[in-house]
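> Just need the structure, nothing else, for what follows:
(one chain, ligands or ions: 3)
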Amino acid sequence: MADLLSIQTPAKTTTCAPSRPTREQIQTWFDLPLMDLLLQAQTKLREHFPPNSVQVSTLLSIKTGNCPEDCGYCSQSGHHSTELQAEKKIEVAKAIEEAKKAKASGSSRFCMGAAWKHPHDRDMPYVVELIKEVKALGLETCMTLGMLTGNQAQTLADAGLDYYNHNLDTSRDYYCKIVSTRSYDDRLDTLDNVRKAGINVCSGGIIGMGESRDDRINLLFELANLPTPPESVPINMLVPIEGTPLADVEKLDVTEWIRTIAVARIIMPHSYIRLSAGRESLSDSDQALAFMAGANSLFSGDKLLTTPNAGEGKDQILFAKLGLTAEKPKPTVAELSVDAMSA
Ligand code: SAM
Ligand code: DTB
Ligand code: SF4
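Ligands and ions are numbered 1, 2, ... in the order given. Below you'll find the model as predicted:
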């Protein structure tokens, strides 16, 4: 019988610098028998992260709908006729209430998203206040507000923003079939501004939009070959939304989502690989395979931005069944001083 570990792997490089994968290497990983790929991915995870530990984030939409961009998958684009009820910027106090609930339910990061092409300068004091108040609760902060100039990224960094989410979403070639109101290079420019401001980068994509495996390979190639790979890589499975151009796209087999996660884990070994949109339609065993494939973060809570998500209750049951634990939120200064007094 063949040795379990003697499986085909792409050629290794001999340099000490983190090696960047070629398209051919990524394709070889994708083509492995699934069990071989899972074994390699779980082994890679354990070289860089504690096993069975999952970073949990909660999302909140701080400005919903009427977005001027025409992203073909999105419920919030003003170009599509979806059922979504648009909402103006929510009050800071309301966002803080949601952040407190997220912390109480075990999230360590609070991600705030706005349906903007880019924030206007008049919006910056609002988002700065949100960042400061959420951080004061002892939560990490993440925002996704569309394109950013270098100055805006610096303002967010100065306010203490920990992560900025801005996805490449798919391959460069397929991108123009999904979005026409901005370019791939616009996305890369914002990622560059975020990185230069010293904010951690959260960037990934969506699979199941009718793209080919080559597109998925090219997306992972782009992400892994950024000047510094993203600290966090969300892998969304398309949530089909009635009224969007992608509402009736053929459903992608779940094993392709698992493979994408596993290859992302192997080629970006230091990144958190995040289970994002699409979990609601997946079984516990599909999600268990995704953790086996090296995923180590997720969005929890009843809602993503506008669509339903596997809620806290369901995730607590899943974590208990699989023996997973949520990474602890950082203690606030106030909590640390109480601990010090009681020691
Ligand atoms: N407006 C900002 C932007 O586009 O960067 C942030 C919000 S946008 C909703 C964040 C990400 O959510 C998108 O880049 C996409 O990857 C994901 N997303 C949006 N709608 C989705 C859907 N229907 N299914 C899966 N992922 C989706
Ligand atoms: C990401 O990659 N996925 C999250 C987060 N980043 C902002 C958003 C998923 C949105 C899914 C569709 C919705 O709820 O509107
Ligand atoms: Fe707007 Fe973001 Fe939705 Fe695109 S994905 S339509 S930019 S909210």
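> now the residue of the stretch 101-250 of the chain found nearest ligand 3: how far from Arg172?
Going by Cβ to the nearest ligand atom, ligand 3 is nearest to Ala115 of the stretch 101-250 of the chain, at 3.8 Å. In this view, the C-beta of every residue, glycine as well, is placed from N, C-alpha and C. Distance, Ala115 to Arg172, by Cβ to Cβ, to the nearest Å: 24 Å.
> ok, which residues in the protein are in contact with ligand 2?
Counting by Cβ under 6 Å from any ligand atom, the residues of the chain close to ligand 2 are 59, 75, 111, 113, 144, 165, 167, 204, 234, 236, 239, 276-277, 304-307.
> Emit the ChimeraX select command for whichever of the residues you listed are buried.
ChimeraX command restricting these to the buried ones, with burial defined by 16 or more other Cβ atoms under 10 Å:
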select :59,75,111,113,144,165,167,204,234,236,239,276,277,304,305,306
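> Mind checking which of the residues of the chain next to ligand 2 land in strands?
The strands, defined by DSSP state E, take in 59, 111, 113, 144, 165, 234, 236 from the residues of the chain next to ligand 2.
> Dump those residues to TSV, plus pLDDT and distance to Leu84.
Output for these, formatted as TSV (pLDDT from 0 to 100; distance: Cβ to Cβ, whole Å):
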residue	pLDDT	distance to Leu84
Leu59	95	15
Cys111	97	19
Gly113	96	13
Thr144	97	17
Asn165	97	20
Pro234	97	21
Asn236	96	18
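> export those residues to JSON lines and tack on distance to Arg20?
JSON lines is the format used below for these (distance: Cβ to Cβ, whole Å):
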{"residue": "Leu59", "distance to Arg20": "31"}
{"residue": "Cys111", "distance to Arg20": "28"}
{"residue": "Gly113", "distance to Arg20": "30"}
{"residue": "Thr144", "distance to Arg20": "26"}
{"residue": "Asn165", "distance to Arg20": "23"}
{"residue": "Pro234", "distance to Arg20": "21"}
{"residue": "Asn236", "distance to Arg20": "24"}
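> Any regions of the stretch 1-150 of the chain where pLDDT drops low?
For the stretch 1-150 of the chain, applying pLDDT under 70 flags the ranges 1-18.
> all helices of it, in order?
If DSSP state H, counting those that start in this stretch is used as the criterion, the helices of the stretch 1-150 of the chain fall at 23-31, 34-48, 92-104, 124-136, 150-159.
> how about these, which one is nearest Ile217?
helix 23-31 (4.9 Å; Cβ to Cβ).
> What residues sit buried inside that closest one?
By 16+ other Cβ under 10 Å, the buried positions in helix 23-31 come out as 25-30.
> related to what we said a few turns ago, which of the ones in strands among the residues of the chain next to ligand 2 sits closest to ligand 2?
Pro234 (3.4 Å).
> which one is Val128 nearest to, not counting chain neighbours?
Excluding its sequence neighbours, the residue lying closest to Val128 (Cβ to Cβ, 6 or more residues apart in numbering) is Ala159, at 4.3 Å.
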